[in-house]
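In: fold the following.
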Amino acid sequence: MLIVFPLFHHILDNSRRDSAKKNDDVRPVRKYWVHYFSTLVVDYLAVVLPVLLVFTVLAEWAYTCAVSLVILISIYIIFKRSRSHLRTGVNRLPSLRADVSSYRVSVVLMTCLCILAVDFKIFPRRYAKAETYGNGIMDLGVGSFVVANALVSRQARNVTSMSFKAALSSISPLVLLGFARIISTSGVDYQVHVGEYGVHWNFFFTLAAISILTTIVRIHPKHCGLVGLFILTGYQIWLSSGLNEYLIADKRNADIISQNKEGVYSILGYWGMFLIGVSLGYYLYVDTSSNGKSRNAQVLKVWVLTASFWILSIILDSYIERVSRRMCNFAYVMLVFAQNFQVLSILTLAGLLSHEKNLILEDAFNQNMLGSFLLVRLLLPFFS
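Out: Numbers count the residues shown, from 1 in each chain. Presented below is the predicted three-dimensional model:
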């Protein structure tokens, strides 16, 4: 289900193009489909299956598996690169944009797999979401999705902002999906943890709120990072002044804000996270030329940012307030950036070794990223 839906539109478009060019010959189309699905199976076995196994039956040997896979892949890449060098004599470095694309696909893929696996006993509890403070892999999912979208957003690309009416039109599907999520979970009596977002709130409403705030408060991407830091700083001061105790408490009043206090107040944290992501997206690969020399500078920036985010997350977690996805506090935001940029930094290093084109699986997910995530979230109650 997870693989078929994201690929359907991509396959259909390509088959239509082939049919239009060779409408008098059916064999090339059939040959394309056979090649496409055979390649897709290989991509699944090489990419999806190892991740799924590490999240389930091989969870206790995750580090051993990771090291083994890195060694095998490194040997394969070096072998392929040496053959390519002998054949062409020239290796063209991929752009950071391609690395960001691969990173975004990996984020959505792992998030979807965790969402579908969490209700099974074979899924380790240490990977699940923390109740109040602390973090597991699934605590990083929502934050990673915000960062992954912020890096390539219209704001990060400095595209002319939409009108408020057009923005509301684009946000309306998220609002509808939010209500559809409420109806689907209540309709099948699916257990929803109230402490995650509140009684009625869900992540679709958070995404819609971020879009509305970003549309109303229009900020140049160069200044988004500074504004995001101010928002997170003010929000953290508010949390440390007593708001955190209110959000953690089980008591809820009858008003709509109290019923959904976690989702409503965490908007500030996610908005600050999104603005910082917009600024980093603009800083890294929009406001930079795409020649080979700048590629090395971009890779260095990614590694420096990764180290900086890790240092900040450790300091904030140790001396200000522990990481809390439930509140989306400052420490959580820095941890999300640290984890995400760590993945991106590894991909930039891999990009220096391998110059192959994107996988079919990667292209398909990249073209249907939001749809894949939303579909999994909506269908979760029916597959649990």
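In: and the helices in the stretch 1-150 of the chain?
Out: Under the criterion DSSP state H, counting those that start in this stretch, helices of the stretch 1-150 of the chain are mapped to 4-21, 27-43, 49-54, 62-88, 96-117, 139-151.
In: for the helix or strand that the last one is followed by, packing partners?
Out: By that I understand helix 139-151. With elements assigned by DSSP states H and E, the helix or strand that comes after helix 139-151 is helix 164-187. Where contact means 3 or more C-beta pairs under 8 Å, 6 or more residues apart in numbering; DSSP states H and E, helix 164-187 is packed against helix 203-216, helix 369-379. Placement of C-beta: from N, CA and C, glycine included.
In: quick check, pLDDT for Met162.
Out: Predicted confidence (pLDDT) for Met162: 66.
In: oh sorry, the question was meant for Thr206
Out: Thr206 is assigned a predicted lDDT (pLDDT) of 90.
In: and if you look at His223?
Out: So His223 comes in at 91 (pLDDT).
In: chain neighbours aside, what residue packs nearest to it?
Out: The shortest distance from His223 to any non-neighbouring residue, by C-beta to C-beta, 6 or more residues apart in numbering, is to Ser279 (7.6 Å).
In: so what's the one you found up against?
Out: Residues near Ser279 by C-beta atoms under 8 Å, 6 or more residues apart in numbering: 156, 221-226, 228.
In: try it again with 10 Å
Out: 150-151, 155-156, 219-229 (C-beta atoms under 10 Å, 6 or more residues apart in numbering).
In: by mean pLDDT, show me the worst of the helices of the stretch 1-150 of the chain.
Out: Mean pLDDT is lowest for helix 4-21 out of these, coming in at a mean of 42.
In: now stretch 222-235, how far from the centre of its chain.
Out: Distance of stretch 222-235 from the chain centroid (C-alpha atoms, centre = their mean, to the nearest Å) equals 21 Å.
In: quick revisit: compare the mean pLDDT across the helices and strands packed on helix 164-187 and name the weakest.
Out: Here the helices and strands packed on helix 164-187 differ in mean pLDDT, and the lowest is helix 369-379 at a mean of 64.
In: stretch 127-140: end-to-end distance?
Out: In stretch 127-140, first residue to last residue: 10 Å (C-alpha to C-alpha, to the nearest Å).
In: run the chain-centre distance for it.
Out: Offset of stretch 127-140 from its chain centre (C-alpha atoms, centre = their mean): 16 Å.
In: go ahead and confirm Thr348 touches Tyr103.
Out: Yes - the pair Thr348 / Tyr103 is scored as a contact, 9.1 Å apart, by C-beta atoms under 10 Å.
In: intersection of neighbour lists for these two?
Out: 96, 302, 341.
In: so where is the stretch 251-384 of the chain shaky, pLDDT-wise?
Out: 285-294, 351-358, 367-384 (pLDDT under 70).
In: try it again with 50
Out: Low-confidence segments of the stretch 251-384 of the chain, defined by pLDDT under 50: 289-292, 383.
In: any idea how far Phe205 lies from Glu60?
Out: Separation of Phe205 from Glu60 (C-beta to C-beta, to the nearest Å) stands at 37 Å.
In: alright, I will stop here.
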